[in-house]
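please work out how this folds:
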Amino acid sequence: MRHLLTIIAIVLAFACCTTEAERNRMRAELDSINQRNRNDQPFTAADVQPYVDFFDDHGTPNDRLLAHYLLGRAYHEHGEAPMALQCYQDALDCADTLSTDCDYAQLARVYGQMAQVFYRQGLYKEQLRHTKQSSKFAWMGKDTLAALMSYEQEFLSYKGLGLIDSAIIVIENVAQQYARYGYNAYSAISLGLAIKPLIDEGKFPKAKDYMNIYESNSGRFDSLGNIEAGREIYYKTKGLYFLYTEKLDSAEYYFRKELRDGKDFDNQNSAANGLALLYHKMHKPDSAAKYAIYAYTMLDSVYAQRSTKEVERLTALYNYNRLQKKADAESRRAERLWYYLLLSTFSIVLLVLVAVIVGYILVQKKRRQEEETKRIRKDYDEAISKKDQLSIEMDMLKANHEQLVASEQEAKNKLETVKSNNNQLIQAREKEIAELNDKIRDYAQRLIHSDEMVGESPQFTLMIEEFHEKAERKRNTSMPTKLEWEHFLRLFAQTQPKAYAAIGREQTLSPQELKACILLLLKFANSEIIALLNISSQSLTNVKSRINEKLFGVSNASTLENKIKEIPIV
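Okay, here's the model as predicted:
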């Protein structure tokens, strides 16, 4: 069984490689035919049909799209319009427009060719619909020039439908877009299409402007103003412009120029019509009749020629239908024989394949059952082993948990003990500080009532000098600290107990006012007091006013310094 499957895989791989090589070769040959189509080199439906058959079975959507399109082009070049349309429709059915690699440019060309067929058949609404699709897919394929050329063809649809205003709007829009993308010659050529409708509408100034642009920028005129061969019909348009704008000499010049240079039936008929209109306007009945008769003769020839082409078109359609019916019958017969042969071969191959697959499935099923039993036994043993291991780990975790709980409780007890000891120490220190405060107040009172003055101390003198220096530096980093102020006030109370009692009795002054008052007593300047207390000049004035009112009952600052001199100080 293993050997049989290996052989089948090798055969399939070889077949795939062969198909890919064949696909590359066929794609290169199809591209060669496509190049012949673009260069207007002839090819037939028989040249393309093998590639259609091959790529319908082995190609990508883009391959099938191109093959059916080229088959349609072959039929189109041989005058078989219905068959061409069918091939174009088949090409559209092959396209995968939802794919990211869809050949939108090729799809645009298919719609453009279908639009041309409908135009020649006089089916202008169908032409318009397919022209819009061609323009849409050309934009999607990033082919700007093709998109604009497809849009330009809407002019012919609207003109055929008699919607002249819409036709002119299309031409003006597409001319602007040609110029926008740098296709100036195409822009001028497109405006040339609008000249005749504008003349018919009586819009002569705009027609003249477009004539100038067409002749200057289209590249179709030589240095003498002659249009390139095959486009002499333009002389009729220009002659009509001069005829309707009363420039009869110029009109006659261009009508005769067309009659001289344009040798085909259409030009001869158009020139004769123009001259007949001119001579009728000039009131020359003989000349008008002469060219009217000539125009009628040319029109009859043109009609006969067009009738012949129409008969040829209908004949081609008839021949196509007849041959198509015969080909369809032969194709159906061959398809039935091929179907029976294919069905028989497929049935035999299917029976052999089913037998092989059933045998393979049974063998694989037994093998899978054995492997499943081994896997279950292995999983069972592993589950038992893992359960025992987890039980041991769980017992260890429980023991560790109990130890952690006990350690946590012990730590809590120690923390409570430390907290209790800290609280006791804090209370003891607070009690000692309170007792010392009482002693300090007692000592201060006893010093106040003592007749002996302590006087100045060297330490306090040094501190006063230090405060003067701090005030002079006037920097925040050099100002007295809280501890220095406390030491300063304590030394003042010790050295000047009577003065301290006079200004600090019953704690009448606030801490700031007390500091300011002592500094004034010690002859500090106002600027020094402002710096040491870190206040403004106005704030100092307010502080002095409050001190004066509290100590001496006068609510202003001006007399404080005189009053304060009355306080005894050593």
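
mind listing the helices for the stretch 351-500 of the chain?
In the stretch 351-500 of the chain, the segments counted as helices under DSSP state H, counting those that start in this stretch are 458-473, 482-495, 497-504.

report the inter-axis angle for the shortest one versus helix 482-495.
Using axes from the mean of the first three to the mean of the last three CA atoms, to 10 degrees, one finds that helix 497-504 and helix 482-495 are set 120 degrees apart in direction.

beyond helix 497-504, next helix or strand please.
helix 511-521 (DSSP states H and E).

residues of that following helix that come out buried?
By neighbour count on 16 or more other CB atoms under 10 Å, the buried set for helix 511-521 is E513, L514, K515, A516, C517, I518, L519, L520, L521. Where you see a C-beta, it was placed from the backbone N, CA and C, and this is true even at glycine.

about what we covered before: can you put the helices of the stretch 351-500 of the chain in TSV and add distance to N548 and mean pLDDT?
Formatted as TSV, the helices of the stretch 351-500 of the chain follow (distance: least, CB to CB, whole Å; pLDDT from 0 to 100):
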stretch	distance to N548	mean pLDDT
helix 458-473	22	91
helix 482-495	20	92
helix 497-504	12	84
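
deepest in the core, which of the ones you listed is it.
Among these, helix 497-504 has the highest mean neighbour count (mean count of other CB atoms under 10 Å), at a mean of 19.

packing partners for that helix?
On a contact count with 3 or more CB pairs under 8 Å, 6 or more residues apart in numbering; DSSP states H and E, helix 497-504 meets helix 285-448, helix 482-495, helix 511-521.

please redo it, this time with the cut-off set to 10 Å
Under the contact criterion of 3 or more CB pairs under 10 Å, 6 or more residues apart in numbering; DSSP states H and E, helix 497-504 touches helix 285-448, helix 482-495, helix 511-521, helix 537-552, helix 560-564.

give the rounded mean pLDDT of the fourth one.
Helix 537-552 shows a mean pLDDT of 92 in the predicted model.

farthest pair within the buried residues of helix 511-521?
Spanning the widest gap among these are E513 and L521, at 12.6 Å by CB to CB.

intersection of neighbour lists for those two?
Counting by CB atoms under 10 Å, 6 or more residues apart in numbering, the common neighbours of E513 and L521 are I503.

who's in contact with L224?
Neighbours of L224 in contact, by CB under 10 Å, 6+ apart: none.

also the one 10 residues further on?
When contacts are counted by CB under 10 Å, 6+ apart, Y234 touches 192, 195-196, 211, 214-215, 220-221, 227-228, 254, 258, 262.

please redo it, this time with the cut-off set to 8 Å
G192, I227 (CB atoms under 8 Å, 6 or more residues apart in numbering).

surely it is within a helix?
Yes - counting by DSSP: H, G, I helix; E, B strand; the rest coil, Y234 is part of a helix.

from E402, how far out is it?
Per CB to CB, to the nearest Å, Y234 is found 111 Å from E402.

what's the answer for P511, then?
59 Å.

least confident of the helices and strands packed on helix 497-504, on average?
helix 285-448 - the lowest mean pLDDT of the helices and strands packed on helix 497-504, at a mean of 70.

any buried residues in stretch 113-125, and which?
Q113, M114, A115, Q116, V117, F118, Y119, L123, Y124.

can you pick out the most distant pair from those?
Spatially, the most separated pair among the buried residues of stretch 113-125 is Q113 and Y124, at 16.3 Å (CB to CB).

quick one on the thing from earlier: can you say which of the helices of the stretch 351-500 of the chain is nearest to K544?
Per CB to CB, nearest to K544 of the helices of the stretch 351-500 of the chain: helix 497-504, 12.9 Å.

where does N476 land on pLDDT?
So, for N476, pLDDT stands at 63.

before we move on, the earlier item: tabulate the helices of the stretch 351-500 of the chain (JSON lines), appending distance to W139.
Compiled in JSON lines, the helices of the stretch 351-500 of the chain are given as follows (distance: least, CB to CB, whole Å):
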{"stretch": "helix 458-473", "distance to W139": "83"}
{"stretch": "helix 482-495", "distance to W139": "84"}
{"stretch": "helix 497-504", "distance to W139": "99"}
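
nearest to S385, out of the ones you listed?
Nearest of the helices of the stretch 351-500 of the chain (CB to CB): helix 482-495, 72.9 Å.

angle of that closest one against helix 458-473?
Going by the same axes, to 10 degrees, helix 482-495 makes 130 degrees with helix 458-473.

helix 482-495 to helix 511-521, inter-axis angle?
50 degrees.

can you pull the buried residues of stretch 84-103?
A84, L85, Q86, C87, Y88, D90, A91, L92, C94, A95, C102, D103.

one more: stretch 272-291?
For stretch 272-291, by 16+ other CB under 10 Å, it's A272, N273, G274, L275, A276, L277, L278, Y279, A288, Y291.

wait, which of those residues is closest to L532?
G274 (117.1 Å).

surely the closest one forms part of a helix?
Yes - assigned with three-state DSSP, G274 falls within a helix.

what's the closest non-adjacent residue to it?
The spatial neighbour of G274 that comes closest, neighbours along the chain excluded (CB to CB, 6 or more residues apart in numbering), is F255 at 3.9 Å.

shouldn't that neighbour be in contact with L275?
Yes - between F255 and L275 there is a contact under CB atoms under 8 Å: 4.8 Å.

hey, C-alpha coordinates of stretch 387-394 in PDB?
C-alpha atoms of stretch 387-394 as PDB (Å, rounded to 0.1, in the frame of the first residue of the first chain):
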ATOM      1  CA  LYS A 387      -1.200  12.700  41.600                       C
ATOM      2  CA  ASP A 388       1.300  11.100  44.100                       C
ATOM      3  CA  GLN A 389       3.800  13.900  43.500                       C
ATOM      4  CA  LEU A 390       1.200  16.600  43.900                       C
ATOM      5  CA  SER A 391       0.000  15.000  47.200                       C
ATOM      6  CA  ILE A 392       3.600  15.200  48.600                       C
ATOM      7  CA  GLU A 393       4.000  18.800  47.500                       C
ATOM      8  CA  MET A 394       0.600  19.700  49.100                       C
END
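
need the residues that contact that stretch.
Contacts of stretch 387-394 (CB under 8 Å, 6+ apart): none.

pull the distance from it to the chain's centre.
Centroid separation for stretch 387-394 versus its chain: 58 Å, with CA atoms, centre = their mean, to the nearest Å.

could you do stretch 479-492 as well?
Worked out by CA atoms, centre = their mean, stretch 479-492 lies 73 Å from the chain centre.

ok so, going back, look at the residue nearest to G274 and say how many residues are nearby.
Other residues lying near F255 total 28 when counted by other CB atoms under 10 Å.

so which helix or strand takes in it?
Assigned by DSSP H and E, F255 falls in helix 248-261.

that helix packs against which elements?
So helix 248-261, by 3+ CB pairs under 8 Å, 6+ apart, packs with helix 233-244, helix 265-281.

for the ones you listed, could you give me JSON lines that also reports distance to E335?
Output for these, formatted as JSON lines (distance: least, CB to CB, whole Å):
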{"stretch": "helix 233-244", "distance to E335": "51"}
{"stretch": "helix 265-281", "distance to E335": "48"}
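
any idea which of these gets closest to E466?
Per CB to CB, nearest to E466 of these: helix 233-244, 113.2 Å.

just want the angle from that closest one to helix 248-261.
160 degrees.

helix 233-244 vs helix 265-281, what angle?
Using the same axes, to 10 degrees: helix 233-244 against helix 265-281 is 10 degrees.

what about helix 233-244, distance to the chain center?
For helix 233-244, the distance to the chain centre is 52 Å (CA atoms, centre = their mean).
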